[in-house]
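Visitor: Okay, predicted coordinates and the sequence, questions at the end:
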Amino acid sequence: MAQNKNKNFCRAFTTIILMLIANSVCAEELSTQVILQYSKIDPFSFILLEFCAIVTLAVLDHIISRHYLIPTLLGALVIGIVIGNILFWLDLSPFIYMLMHLADAGEIFKTIWTSDLSVAETIARYYVTDNPESSEFANRLTQIFTSNQSPALILLGVALWIISNIGVFLISFKLGLEIKIHEIVKSAEPLAYLVSIIGTLVTFFLGLGVVNGLLPDMDTAKQIFIAAALCTTSAAITTGIFSNVNREHSREAKLVINAAFIDDIFGIFFLSYIANIVLGDVMSIAQMVSLFLYSLIVILGIYFLGRWLVKFIPQIYDFDEPHSRLLVPVMMVVFVSFLTNIFEIGIISSAFIAGLILNGVHDKVGLVKDIIASLEKLFAPIFFVFVGMQVNLRQFLDGDTLLLTLGLLIAAVAGKIAAGYISKQRFNHLAVGLGMVPRGEAVLISISIGKILGLVDDSIFSVIAIIVLITDFIAPWAINNLSTKYEEKDFFVKKIKQLL
């Protein structure tokens, strides 16, 4: 049985690779005048071709993730990084080059669109051309933005950006649907709240210290956002880790899982609050307190208004169930996003709030979850692949980037491990700390939105994405090898002595 499974996996893997090679060949051809021909005939056909390539990568992620029993997020991120960098190194398509420098390209396009400056003048305004590396980069971007290919490339970039952002909203919405606040309040012991809050705050201040020390010239507001982006634990990945080591019913696992869900709730709103501080240039303590109280009142108002409105949803289902099963959740996400925009509290938490509201639809929440789960399975892997394709591994050839990655990784791990030692109660403190280490969807969503808002550049984006990848790989190994024997009082000390 296992041998047949491996054969089937190899056949599927080979098929996908052949499809990717075919798409790579197409990308090479499309990097010349064929792009122009596609854009003249039907611009959407060009978008579909590249979208097909990314969907193919998402299918490969599904196969690999199921075969090796790893989270879909990890598989999609790794595939995106590998394929994106191979195409970038081979220089097969100008679109890949633009994708690797999406933050810079976005700023240039925004300036071109909103000013009377030419492309060359705009790029010269951003980059010092007496530096050989900057000059080469500026010349390449000028060629991309002034060629006959540029309309099709920009159209493709916008289309994929929209598609990936649909994935962002669906992931956040599904997360909100899966979190039962009233159940967490009933089941979570007070220590879980403390683990979550301490882990978030310690990680935040450690990360802020690292960024401030290594990037002293960066705006304080951007330093704060980067530190905040590192703080949120992935409840889904943490739950899977303890399940894989058959410890999901232990006290440590229950404590960590509850703390991780609290972390998701607290972390998303914390990051939304930090983003509002950064974008509003709010730096004084009085302004921060005022913004916090304002945001809290607005979020609670939207939440309770939504909970009141969902009482009428069963009546809508009775009227036209097949269509309303899909339209009602979409309507709720759009409505909440509209309200958060009107009240200027940001959109990072809007889909999450909509999910929290709709998980109170009694007897019908399963229907909503089924619809959203199907859509999320399509768009979420595309988003993770798209994120991976923006991670430029060449950035890590620079010593400063490597040092920043190491510093932020230590902060991300140490902050969560410290949270496991805040109590003197009798349990495996290391297991609790390690269980809070994995990062996931919330962090990737945060840096993606931060990149759009201009708070994170291409280099920082790559650094944080790699940190997510590393924490998700090291946490299962560490829990399985360093802290799975909860019954042994000094297990960790003994294990360290064995390793030494």
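Guide: Everything's here; your move.
Visitor: ok, Val82 - contacts?
Guide: Gly388 (C-beta atoms under 8 Å, 6 or more residues apart in numbering). Yep, even glycine has a C-beta here, placed from its N, CA and C like the rest.
Visitor: element containing it, please.
Guide: Assigned by DSSP states H and E, Val82 falls within helix 72-90.
Visitor: secondary structure class for Asn246?
Guide: coil (DSSP: H, G, I helix; E, B strand; the rest coil).
Visitor: what does stretch 71-78 contact?
Guide: Contacts of stretch 71-78 (C-beta under 8 Å, 6+ apart): 57-58, 61-62, 64-65, 68, 234, 236-237, 240, 380-381, 384-385, 387-388, 391, 440-441, 444, 465, 468-469, 472-473.
Visitor: still on that earlier bit, show me what counts as buried in the helix holding Val82.
Guide: For helix 72-90, a neighbour-count test (16 or more other C-beta atoms under 10 Å) marks 72-81, 83-85, 87-88 as buried.
Visitor: Just the buried residues of the contacts of stretch 71-78.
Guide: For these, buried by 16+ other C-beta under 10 Å: 57-58, 61-62, 64-65, 234, 236-237, 240, 380-381, 384-385, 387-388, 391, 440-441, 444, 465, 468-469, 472.
Visitor: Okay, and which of those residues map to helices?
Guide: 57-58, 61-62, 64-65, 236-237, 240, 380-381, 384-385, 387-388, 441, 444, 465, 468-469, 472 (DSSP state H).
Visitor: check contacts around the most centrally placed residue in the chain.
Guide: Residue closest to the average C-alpha location in the chain (C-alpha atoms, centre = their mean): Leu444, at 1.6 Å. Shown in contact with Leu444 (C-beta under 8 Å, 6+ apart): 73, 77, 383-384, 387, 465, 468.
Visitor: Ile166 too?
Guide: Phe379.
Visitor: Please read off the pLDDT at it from the model.
Guide: We have a pLDDT of 79 for Ile166.
Visitor: go on, Leu367?
Guide: Looking at Leu367, the pLDDT reads 59.
Visitor: do the same with Ile277
Guide: 74.
Visitor: Pretty sure it sits against Met288.
Guide: Yes - if you go by C-beta atoms under 8 Å, Ile277 and Met288 touch, sitting 6.3 Å apart.
Visitor: And those two? Which one has more around it.
Guide: Ile277 (20 against 16; other C-beta atoms under 10 Å).
Visitor: Next up, the contacts around the more buried one.
Guide: 221, 224, 283, 288, 291.
Visitor: Alpha carbons only: can I get the helix or strand hosting the second one in PDB?
Guide: Here Ile224, judged by DSSP H and E, is contained in helix 220-229. Output for helix 220-229, consisting of C-alpha atoms alone and laid out as PDB, is shown next (Å, rounded to 0.1, in the frame of the first residue of the first chain):
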ATOM      1  CA  THR A 220      10.100  54.500  14.400                       C
ATOM      2  CA  ALA A 221       6.600  53.900  13.100                       C
ATOM      3  CA  LYS A 222       7.800  51.200  10.700                       C
ATOM      4  CA  GLN A 223      10.000  49.700  13.400                       C
ATOM      5  CA  ILE A 224       6.900  49.300  15.600                       C
ATOM      6  CA  PHE A 225       4.900  47.700  12.800                       C
ATOM      7  CA  ILE A 226       7.700  45.100  12.000                       C
ATOM      8  CA  ALA A 227       7.900  44.200  15.700                       C
ATOM      9  CA  ALA A 228       4.200  43.800  16.000                       C
ATOM     10  CA  ALA A 229       4.000  41.600  12.800                       C
END
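Visitor: All the helices of the stretch 351-500 of the chain, in order from the start?
Guide: Along the stretch 351-500 of the chain, the stretches classed as helices by DSSP state H, counting those that start in this stretch are 365-388, 399-419, 429-435, 441-452, 458-482, 491-499.
Visitor: Pick the most buried one from those.
Guide: Counting by mean count of other C-beta atoms under 10 Å, helix 429-435 has the highest mean neighbour count of the helices of the stretch 351-500 of the chain, with a mean of 26.
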